[in-house]
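1. next input, structure requested:
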Amino acid sequence: MNIFVILKRTFDTEEKIVVNNGQISEDGAEFIINPYDEYAVEEAIRLRDANGGEVTVVTVATTDEADKELRTALAMGADKAVMINTEDDLEDGDQYSTAKILAEYLKDKDADIILGGNVAIDGGSGQVGPRVAELLDIPYVTTITKLEVDGSNVTVVRDVEGDSEVIETSLPLLVTCQQGLNEPRYPSLPGIMKAKKKPLDELELDDLDLDEDDVEAKTKTIEIYLPPKKEAGRMLEGELEDQVKELVSLLHNEAKVV
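-> Model (predicted):
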């Protein structure tokens, strides 16, 4: 099988994030593979091990430091990695830009299946995977929690807000992976050593016959800000009837929700 994983480098949300002038400061920030993309990498490796073939991880990056996350995916067991570096070509991109670049790279790769994370934890739009599938004109299924491939036939279970939906489709296919699909492995020491020798290619927009106008963002981020600090809760005291009256008064006069 010819298997591709679309991967994103994201901030580690378990570490402190600083916002300056409406932008997340990258100084001293820790970066990781987007956690939902880890499910995609793990599932891709399992598919390859069960069916044969090759796993290639691909990312669109604004810095060559993204090779760290690609090397992590290679250490997990992926075979090859590709970084499409837009640092010198694209000042501001969005989900359209990323999808356009990925689709241009993938269009002649004869991919059997493309896997990605359900959402990126930094943006949370969940748009890139479906946009890539639309540009490639192939079927896609989002938020999957189970994947079975039998030849060219595929059975997928997807999460639908607390319930499950079973879908039958066929290759080629793009899926986005949800928590519960698998348990991503940790890179082993032998895997880390092997990853240093695995191919990691770096491309630019020119290599894809694209220029900045072709991938110009369709949206603009006006501001990024932290959520307001929560105030301490209030405890109501006294008889139950008095508490109910006070609660209704607070909801009406202070919270203004009734």
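
2. before we move on, what SS does E202 have?
-> Put simply, E202 is strand when judged by DSSP: H, G, I helix; E, B strand; the rest coil.

3. what do you get for the one 4 residues further on?
-> Taking three-state DSSP as the rule, one finds D206 in the helix state.

4. for it, give me the pLDDT.
-> We have a pLDDT of 91 for D206.

5. name the nearest residue to it, sequence neighbours excluded.
-> D89 (7.7 Å; CB to CB, 6 or more residues apart in numbering). C-beta coordinates here come from the backbone N, C-alpha and C atoms, glycine included.

6. got it, and E87?
-> T62 (5.2 Å).

7. alpha carbons only: can I get stretch 149-156 in CSV?
-> Below are the C-alpha coordinates for stretch 149-156, written out as CSV (Å, rounded to 0.1, in the frame of the first residue of the first chain):
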residue,chain,number,x,y,z
VAL,A,149,-9.0,-2.5,4.9
ASP,A,150,-9.7,-5.7,2.8
GLY,A,151,-8.2,-5.3,-0.7
SER,A,152,-9.7,-2.1,-2.1
ASN,A,153,-12.7,-2.3,0.2
VAL,A,154,-12.7,-0.3,3.4
THR,A,155,-15.0,-0.3,6.5
VAL,A,156,-14.8,2.7,8.8
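
8. quick one, strands of the chain?
-> Using DSSP state E, the strands of the chain run over residues 2-6, 9-11, 19-20, 23-24, 31-33, 54-61, 80-85, 113-117, 140-150, 153-160, 163-170, 173-177, 200-203.

9. ok, which of the ones you listed comes nearest L70?
-> L70 lies closest, by CB to CB, to one member of the strands of the chain: strand 80-85, at 4.0 Å.

10. quick check: angle from that closest one to strand 54-61?
-> Interaxial angle, strand 80-85 versus strand 54-61 (axes from the mean of the first three to the mean of the last three CA atoms, to 10 degrees): 20 degrees.

11. got the contact list for strand 80-85?
-> The contact list for strand 80-85 (CB atoms under 8 Å, 6 or more residues apart in numbering) reads 54-64, 66-67, 70-71, 73-74, 101-102, 105, 198-205, 208.

12. go again using 7 Å as the cut-off
-> 54, 56-61, 64, 66-67, 70, 73-74, 101, 105, 198-204 (CB atoms under 7 Å, 6 or more residues apart in numbering).

13. what does stretch 88-107 give?
-> 4, 6, 58, 60, 84, 86, 114, 125, 127-128, 131-132, 135-136, 204-205, 208, 210, 212, 214-215, 217-219.

14. at 6 Å what do you get?
-> Residues outside stretch 88-107 that contact it (CB atoms under 6 Å, 6 or more residues apart in numbering) are 6, 60, 84, 125, 127-128, 131-132, 135-136, 205, 208, 210, 212, 215, 217-219.

15. hmm, back to that, the residue nearest to D206: how many residues sit nearby?
-> D89 has 17 neighbours, counted by other CB atoms under 10 Å.

16. how much space between P199 and L70?
-> Separation of P199 from L70 (CB to CB, to the nearest Å) stands at 11 Å.

17. who has more neighbours out of the two?
-> L70 (26 against 10).

18. and that one, what does it touch?
-> 57, 81, 83, 200.

19. so which of those residues is the closest to D163?
-> V57 (31.2 Å).

20. pretty sure the closest one is touching A78, no?
-> Yes: checked against CB atoms under 6 Å, the pair V57 and A78 is within contact range at 4.9 Å.
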